[in-house]
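Asker: take this sequence and fold it.
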Amino acid sequence: MRSYADYIPFATDDFLVDPVFRDWIRQPTPEMDAYWRGLLKTNPHLRDAFAEARVLAQGLESTWTSFSDGYVASLYERLHVPPATPQLRVGRRSRQLATIAAGIVLLGGSWAYSYFMVPQRIQTTYGEARTLTLYDGSVVTLAANSQLEVPSRYQWRQNRQVWLTGEGYFAVQKQSYGQAGSYRKFVVHTKRVDVAVLGTRFSLYTRPQQTQVVLEEGRVELTDVASRQRLRMQPGQVVQYAPQEQFFRLQPASTARRRQLTVWRESLLVFNGASMSELSRRFKEVYGLDLVLQGELFAKQQFVGELPVDDVQKALLILSETFGAKAVRDGEYIYFIANDQVRP
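Answerer: I've put the predicted structure just below:
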């Protein structure tokens, strides 16, 4: 049995995943009823979260992995059909209690609908990375200028799948399903490829000009959305292909190469002999600015170095020092003027 002190920071979500709370919902006993009354008496700030969790938990199946169709239907009906007004004469105190009770039911129902039925869309801005934890404990880190679409909790119990635009790193948790030794797949959808895994760590880059998968741990299966071609990857391998290509290009990758492709998680962009077009493309993706790298100053140049993802001014300073030119911003464009042409 938990100490009451353990529950002090609890919110609604925490109660819903607490084994003691779950056991009580499945099979309440007088002893447990008294236990919870004591908790709420000594910690009155928990009453709202506890009440919401109790409303949400009602109707859950005994396995706690799904909701009955009747529960979902009744929840939907509660949210869309106004409750009938009871024709009762009550005193002032009773009216207050009835109003509070009705508010709790409506609030709990609305909260439950949002909690279980509404999908999520997570979008990072230029220069921003963000880490989030999914319903099953899998962790996703989104790179700058990227988007992840996550289905509702109700849909998630049918299929573990998300939709990625941009770049993301996935640490996927294994999740048992059905008979012993059986696991539920986790699928990441993109416009060009679907990545299916059971439990693994990989980085996925999906932009209009290229798709790229870097596998660090476990195994993944790639499926080309158009051709339905399939490919299984092993740790340490990299798959790359451009939109015009018809087949995956599977390559082993050195530790240095893998780091270059995944170091954005440390808020860095690493270039090792990048062409000016590649540098300009990545700069646009991450910072939302167009580098104008034309003319003799940049002819046949290659860029070797690191740029901070979260500090565009410092990144421009590094480029200025590398090219021996001053970076001048005009709206969304960055021009470089050779130092010998800059007026004192």
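Asker: where does the protein dip in pLDDT?
Answerer: Across the chain, the ranges flagged by pLDDT under 70 are 58-115, 178-181, 339-344.
Asker: got the residue ranges for the helices in it?
Answerer: Under the criterion DSSP state H, the chain contains helices at 12-17, 19-26, 30-42, 47-57, 69-80, 92-117, 153-156, 255-262, 276-287, 312-323.
Asker: the second one packs against which elements?
Answerer: Spelled out, it's helix 19-26. If contacts are counted by 3 or more Cβ pairs under 8 Å, 6 or more residues apart in numbering; DSSP states H and E, helix 19-26 sits against helix 30-42, helix 47-57. C-betas here are computed from N, CA, C, even on glycine.
Asker: ok, longest strand in the chain?
Answerer: Identified as the longest strand of the chain according to DSSP state E is strand 160-171.
Asker: how about that strand: buried residues?
Answerer: By neighbour count with 16 or more other Cβ atoms under 10 Å, strand 160-171 contains the buried residues Arg160, Gln161, Val162, Trp163, Leu164, Thr165, Gly166, Glu167, Gly168, Tyr169, Phe170, Ala171.
Asker: how many neighbours does the closest residue to Leu40 other than its chain neighbours have?
Answerer: Excluding the flanking residues, the one nearest Leu40 by Cβ to Cβ, 6 or more residues apart in numbering is Arg47, at 5.4 Å. For Arg47, the number of neighbouring residues by other Cβ atoms under 10 Å comes to 12.
Asker: check Met1 too.
Answerer: By the criterion of other Cβ under 10 Å, Met1 has 8 neighbours.
Asker: would you mind measuring from the nearest residue to Tyr35 once chain neighbours are set aside to Leu316?
Answerer: Counting by Cβ to Cβ, 6+ apart, Tyr35 lies nearest to Met1, which is 7.2 Å off, once chain neighbours are set aside. The gap separating Met1 from Leu316 is 59 Å, by Cβ to Cβ, to the nearest Å.
Asker: same question for Leu204.
Answerer: In terms of Cβ to Cβ, Leu204 sits 28 Å off from Leu316.
Asker: neighbour-wise, which of the two wins?
Answerer: Between Leu204 and Leu316, counted using other Cβ under 10 Å, the more crowded position is Leu204 (25 against 21).
Asker: tell me how far that one lies from Glu149.
Answerer: 14 Å.
Asker: and for these two, which residues touch both?
Answerer: Leu164 (Cβ atoms under 8 Å, 6 or more residues apart in numbering).
Asker: where do the strands of the stretch 101-250 of the chain begin and end?
Answerer: 120-123, 130-133, 139-142, 147-150, 160-171, 186-189, 193-197, 201-207, 210-217, 220-224, 230-233, 237-241, 249-252 (DSSP state E, counting those that start in this stretch).
Asker: circling back: most tightly surrounded among the helices and strands packed on helix 19-26?
Answerer: Stretch with highest mean neighbour count among the helices and strands packed on helix 19-26: helix 47-57 (a mean of 18; mean count of other Cβ atoms under 10 Å).
Asker: and that helix, what other elements does it pack with?
Answerer: helix 12-17, helix 19-26, helix 30-42, helix 92-117.
Asker: surely Phe303 touches Ala274?
Answerer: Yes - using Cβ atoms under 8 Å, Phe303 is in contact with Ala274, at 4.8 Å.
Asker: the residue nearest to Glu128 when sequence neighbours are not counted: how many residues sit nearby?
Answerer: Leaving out its chain neighbours, the residue that sits closest to Glu128 by Cβ to Cβ, 6+ apart is Ala144, at 5.5 Å. When counting by other Cβ under 10 Å, one arrives at 22 neighbours for Ala144.
Asker: Ala144 and Asn159, how far apart?
Answerer: 28 Å.
Asker: same check, this time on Ala143
Answerer: Taken as Cβ to Cβ, the span from Ala143 to Asn159 is 25 Å.
Asker: same question, Glu278
Answerer: In terms of Cβ to Cβ, Glu278 sits 36 Å off from Asn159.
Asker: between the two, which one's more packed in?
Answerer: Glu278 (14 against 11).
Asker: ok, now which ones touch the more buried one?
Answerer: Glu278 neighbours (Cβ under 8 Å, 6+ apart): Phe271.
Asker: hmm, 10 Å instead?
Answerer: By Cβ atoms under 10 Å, 6 or more residues apart in numbering, the contact list for Glu278 reads Gln209, Phe271, Gln302, Phe303.
Asker: from those, which is closest to Leu293?
Answerer: The closest of these to Leu293 turns out to be Phe303 (Cβ to Cβ; 9.2 Å).
Asker: surely the closest one touches Glu321?
Answerer: No - judged on Cβ atoms under 10 Å, Phe303 makes no contact with Glu321 at a distance of 11.9 Å.
Asker: who's more crowded, these two?
Answerer: The neighbour comparison of Phe303 against Glu321 (other Cβ under 10 Å) goes to Phe303, with 21 against 11.
Asker: now do the same contact list for the more buried one.
Answerer: With Cβ under 10 Å, 6+ apart, Phe303 has these contacts: 271-276, 278-280, 282, 293, 318-319, 322-323.
Asker: out of those residues, which end up buried?
Answerer: Neighbour-count burial (16+ other Cβ under 10 Å) is assigned, among the contacts of Phe303, to Phe271, Ala274, Met276, Leu279, Ser280, Arg282, Leu293, Ile318, Leu319, Phe323.
Asker: OK, contacts around the last one?
Answerer: Residues in contact with Phe323, defined by Cβ under 10 Å, 6+ apart, are Met276, Leu293, Leu297, Phe298, Gln301, Phe303, Phe336, Ala338, Asn339.
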